[in-house]
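Chemist: Just a sequence and a predicted model for now, questions to come.
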Amino acid sequence: MAIELYKNDGDEVYKVKLTAPNDAECVIYTYGATVTSWKVQGKELLFVSKLAKLDGTKAIRGGIPIVFPQFGPGKLPQHGFARNTNWKVVDQDNKTGDMATVHFELTDSEATRASEWPYRFRLLYKVTLTGTTLSTIIEYENLDSSAFDFTTLMHTYFRTSDVAGVKVKGLDGIKYVDKILGQSDVVETRKDVIVDKNEDRVYVDVPGEVLVDGVGSEDGRVIVKRFNYKDIVFWNPWEEKAKEMSDFGDDEYKEMVCVEAGSVAKPVSLEPGSKWVGGQLLRLAPKA
Ligand SMILES: O=P(O)(O)OC[C@H]1O[C@@H](O)[C@H](O)[C@@H](O)[C@@H]1O
């Protein structure tokens, strides 16, 4: 198990690479603490656009950007500030078992205190890689004298060899908000949710694990297990919306699907001095 820190000319860490047995590897940029690569047996399971900006000028289009403290549009810029702020590497461990772990920290700054979400806070983000899993867990802490609310999400972009073959399982019977049709409380009736058009849905209060079939290769299956995160966002821009994004190739909608674990339908409330933990564990499942 190895942990490599990559530094820029100013001697600051800009990228961390974790490796684990089973030819597993994971890369995280300190910008947004965005995971940009997760490989198992050498095979890439996450999508990053070939047009993604990796120079800190825009949130990274792909991988696992972190949405905090606001999901979607609102008082703050879309999806909040965590995904386009530099996080700090504060700890690392490759001595425990067959795993490698790195911890990132984000705290309030002059800029965040001057924003529409001015609270004092600390996020501690723990990324752990094993031979078949990637766990991404955040401890959210309120360091302010007032209570605050937030919504948060791991905006995971899964790589697909062909989106037409993707099936998302575990959403049957769950109510969702269709952000495209402007409908809420619609009930999902399919066992296998497929992607064949622009989709933007929030499945609310999903109780169990979700399985994404068709990740990395036709028969690659990833199980998404959540810790305290209640909802699942399901998104693909499809042809027309893809063309509107400057950092996304026109045809790349065929190579990805976003299945995003978070708590977004109802905000999380944190009292002064208290902490809350949320996150996900991605596991490459054996072939069906
Ligand atoms: O282009 P952005 O800001 O990264 O957002 C991408 C998408 O992110 C999803 O989580 C939202 O549900 C969509 O509405 C949004 O379009």
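Modeler: Looks like it came in fine.

Chemist: Nearest residue to Asp108 in space, please, no chain neighbours.
Modeler: Arg120 (4.9 Å; CB to CB, 6 or more residues apart in numbering). Placement of C-beta: from N, CA and C, glycine included.

Chemist: can you pull the contacts of the one you found?
Modeler: For Arg120, the contact set (CB atoms under 8 Å, 6 or more residues apart in numbering) comprises 107-108, 113, 142-144.

Chemist: Longest helix of the protein, counting residues only.
Modeler: helix 238-244 (DSSP state H).

Chemist: List the buried residues in that helix.
Modeler: By neighbour count with 16 or more other CB atoms under 10 Å, helix 238-244 contains the buried residues 238, 242.

Chemist: The contacts of Arg120, buried ones only, as a PyMOL selection?
Modeler: One line in PyMOL is enough to select the buried members of the contacts of Arg120, burial here meaning 16+ other CB under 10 Å:
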select buried, resi 108+142+144
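
Chemist: between the contacts of Arg120, which is nearest the ligand?
Modeler: Within the contacts of Arg120, proximity to the ligand (CB to the nearest ligand atom) peaks at Asp108, which comes in at 22.1 Å.

Chemist: quick one: the closest one from Ala82, how far?
Modeler: Using CB to CB, to the nearest Å, one gets 11 Å for the distance from Asp108 to Ala82.

Chemist: what's the answer for Tyr119, then?
Modeler: 13 Å.

Chemist: Which of the two has more residues huddled nearby?
Modeler: Ala82 (25 against 20; other CB atoms under 10 Å).

Chemist: my guess is that one meets Ala59, correct?
Modeler: No. Counting by CB atoms under 8 Å, Ala82 stays clear of Ala59, with 9.3 Å between them.

Chemist: shared neighbours of those two, anything?
Modeler: Counting by CB under 8 Å, 6+ apart, the contacts common to Ala82 and Ala59 are Gly32.
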